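Participant: Got a sequence here, can you build the structure:
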Amino acid sequence: MPYLTQLADVARRTGFPVTEVAGWQTRGHGPQPQVQGIVCHHTAGPAGGGDYPSLAVVRDGRPGLGGPLSQFGLGRSGHIYVIAAGRCWHNAPSTSTMHTNSASLGIEAENDGTQPWPDVQKDAYIRLCAELCREFGLPASRVKAHREVNASKPDPHSIDMNEFRAAVAALIEGAPAPEPSWTEEIVNQLPMIRPGDDNFDVKTVRGCLFARGRVPVSAYAQVGLEDWLKSTRCDPGLVELVRGFQQAEGIGADGVVGPKTWPSLLRV
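Facilitator: Numbering: from 1, shown residues only. This next block holds a predicted model:
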């Protein structure tokens, strides 16, 4: 089996945003010999730091283990990162011959190992697994938690894999998609915030940026933090902070807060 250069197209079939990480089509420890299973992981990365702060580690590896460590990354917002088309070091030693590095694909979902899973991230996880099963002709039973095929691993934490696989199977069989969660409905109703806007929703953007650690002291040094947070105007300084946040999250850095930016700001 060659390098799996169709993976980005498969990921897009989920309906979730997809970032093709530069060089992914030729990245891997050689080509992927076969796809007999899918292994679900959590990154055990930092508790904060944006949508997918573990990208560099999954792409490049860590001391003692060279990257890539997984074909896919999955951000907290449901954003899918296509990292490698070849073989990855994501599961060894494996207790299943169908879930070795040479026989399976890995998905590294951002989570520090204790955090609750956002509904939108879990939905993307299920949908990505379902599309991969369709692409490679696998039953939902071939989707395994890392802990199920490696006795020394705990991930992905707290996910009931029987329920997870049932949801994957329902999608494979063409069952109706689940109704949007209440958080998704709220996000869908949020307004677009554009440069020059002056309204109370701008205050929400400011507060979220500050909570995500994306506001340097220099941004409010002249007016004070309280007045900066209370400002309802989407001024040039705020637009630049939004662009920086979007770039860090892998979102189009246009300075407009819309349906692709709100979920990352609100962490839903």
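Participant: What pLDDT is listed against the residue nearest to residue 97 when sequence neighbours are not counted?
Facilitator: The shortest distance from residue 97 to any non-neighbouring residue, by C-beta to C-beta, 6 or more residues apart in numbering, is to residue 103 (6.6 Å). Every residue, glycine included, has its C-beta placed from N, CA and C. Looking at residue 103, its pLDDT reads 97.
Participant: Use 7 as the first number for this chain going forward.
Facilitator: Will do, 7 is the new start, and the previous item becomes residue 109.
Participant: doesn't residue 42 make contact with residue 109?
Facilitator: Yes - counting by C-beta atoms under 8 Å, residue 109 touches residue 42, with 4.4 Å between them.
Participant: Name the residues contacting each of the two.
Facilitator: With C-beta atoms under 8 Å, 6 or more residues apart in numbering applied, the overlap between the contact sets of residue 109 and residue 42 consists of residue 103.
Participant: in the stretch 157-274 of the chain, which spans are helices?
Facilitator: Per DSSP state H, counting those that start in this stretch, the stretch 157-274 of the chain has helices spanning 167-178, 188-195, 206-217, 223-226, 231-236, 242-255, 268-272. These are given in chain order.
Participant: need the least confident one among these, by mean pLDDT.
Facilitator: Of all those, the segment with the smallest mean pLDDT is helix 188-195, scoring a mean of 66.
Participant: what about residue 174, how many neighbours?
Facilitator: A total of 27 residues lie near residue 174 under the criterion other C-beta atoms under 10 Å.
Participant: residues touching it, list them.
Facilitator: With contacts defined as C-beta under 8 Å, 6+ apart, the neighbours of residue 174 are 132, 135, 136, 139, 146, 149.
Participant: again, but for residue 104
Facilitator: Here residue 104 is in contact with 42, 43, 110, 148 (criterion: C-beta under 8 Å, 6+ apart).
Participant: Backbone dihedrals for the closest residue to residue 219 other than its chain neighbours, both of them.
Facilitator: Spatial nearest neighbour of residue 219, chain neighbours left out: residue 54 (6.4 Å); criterion: C-beta to C-beta, 6+ apart. With angles defined as degrees, to the nearest 10, residue 54 shows backbone torsions of phi -130, psi -160.
Participant: rewinding a little: need the contacts of residue 174 in a markdown table (columns: distance to residue 48).
Facilitator: Conversion of the contacts of residue 174 to a markdown table gives the following (distance: C-beta to C-beta, whole Å):
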| residue | distance to residue 48 |
| --- | --- |
| 132 | 15 |
| 135 | 14 |
| 136 | 19 |
| 139 | 20 |
| 146 | 20 |
| 149 | 15 |
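Participant: ok, back up a step: out of the helices of the stretch 157-274 of the chain, nearest to residue 68?
Facilitator: Comparing the helices of the stretch 157-274 of the chain by their distance to residue 68 (C-beta to C-beta), the top pick is helix 242-255, with 20.8 Å.
Participant: ok, and what's touching that closest one?
Facilitator: Contacts of helix 242-255 with the rest of the structure, by C-beta under 8 Å, 6+ apart, involve 56-58, 81, 83, 85, 201, 208, 211-212, 215, 218, 220-221, 225, 237, 258-263, 267, 270-271.
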